[in-house]
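Chemist: My questions concern the predicted model and sequence given below.
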Amino acid sequence: MKRALAVFALASTCALSAAYAQQNLRRAPSWSLYDSNGKMHDLLDYRGKIVVLDIMQTGCPHCGAFADVLHKVEQKYGDKVQVISVVTILGPAAETPDKVKTYVTNHKVDYPILYDMGQMQYSYLLTPKADLPHAYIIDPNGYVRADYGYNMTSKDFFEGNGIFTELDRLVNAQGKK
């Protein structure tokens, strides 16, 4: 009986891995970063939830518009979806706690904004320069399901209702399990 269960578990794992590979999914790079209150956040803490990971800058007008959309995401999905934003504290676009505090107040942000020295962002963006905001939707199993950089073709995702189409699909699929 134990052997049969072990074989079944191995076969299930292989089938699931093959299914993810066919969809060209990649595992979301892991990270552990502090927020402005000194609290550590780790991607693994959110396993089992859908995560919207937003890489942004406080002075970016598109990032501000996306923050307003993310506020609506929180209202619609509640604890089914975790929103997290990340800013860099190094380089020419370095953020300060004061800039982040002002941004939080202006956009009524109540999700965590994490501070990165660039390594986490580079592991996702795979380039030192990218259009911001840049968002990733990570499924409950830790795979990147969507990857959006801001441009004219993705404007609806960041400033309209496009993100809700992606999230509805994932939330509905999770509810069927």
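Modeler: The structure has been received and is ready for your questions.
Chemist: where do the helices sit along the chain?
Modeler: Assigned helices in the chain, in chain order: 2-22, 61-77, 97-107, 119-125, 155-159, 162-175 (criterion: DSSP state H).
Chemist: who touches the most centrally placed residue in the chain in this structure?
Modeler: When the chain is reduced to its mean C-alpha position, the nearest residue by CA atoms, centre = their mean turns out to be Leu53, at 1.8 Å. Contact criterion CB atoms under 8 Å, 6 or more residues apart in numbering gives Ala28, Ile84, Val86, Tyr124, Ala135, Tyr136, Ile137, Ile138 as the residues in contact with Leu53. In this view, the C-beta of every residue, glycine as well, is placed from N, C-alpha and C.
Chemist: Number of residues surrounding the second one?
Modeler: Residues near Ile84, counting by other CB atoms under 10 Å, number 22.
Chemist: partner residues bridging it?
Modeler: According to DSSP bridges, Leu53 are recorded as the beta-bridge partners of Ile84.
Chemist: what sits against it?
Modeler: The contact partners of Ile84, taken as CB under 8 Å, 6+ apart, are His41, Tyr46, Val51, Val52, Leu53, Asp54, Tyr111, Pro112, Ile113, Leu114.
Chemist: what two of those residues have the greatest distance between them?
Modeler: Set against one another by CB to CB, the contacts of Ile84 have their most distant pair in Tyr46 and Ile113, with a gap of 15.1 Å.
Chemist: if I read this right, Asp68 contacts Val109, doesn't it?
Modeler: No: proximity of Asp68 to Val109 does not meet the contact threshold set by CB atoms under 8 Å, at 9.5 Å.
Chemist: who has more neighbours, those two?
Modeler: For Asp68 versus Val109, neighbours defined as other CB under 10 Å are more numerous around Val109 (18 against 13).
Chemist: what sits against the closest residue to the more buried one other than its chain neighbours?
Modeler: Take Val109 and drop its neighbours on the chain: the residue closest to it by CB to CB, 6 or more residues apart in numbering is Ala67, 5.8 Å away. By CB under 8 Å, 6+ apart, Ala67 lies in contact with Asp54, Met56, Ser85, Tyr103, His107, Val109.
Chemist: ok, and the helix or strand in this structure with the lowest average confidence?
Modeler: helix 2-22 (a mean of 44; mean pLDDT, DSSP states H and E).
Chemist: For Arg26, the count of nearby residues, please.
Modeler: Around Arg26 there are 12 residues (other CB under 10 Å).
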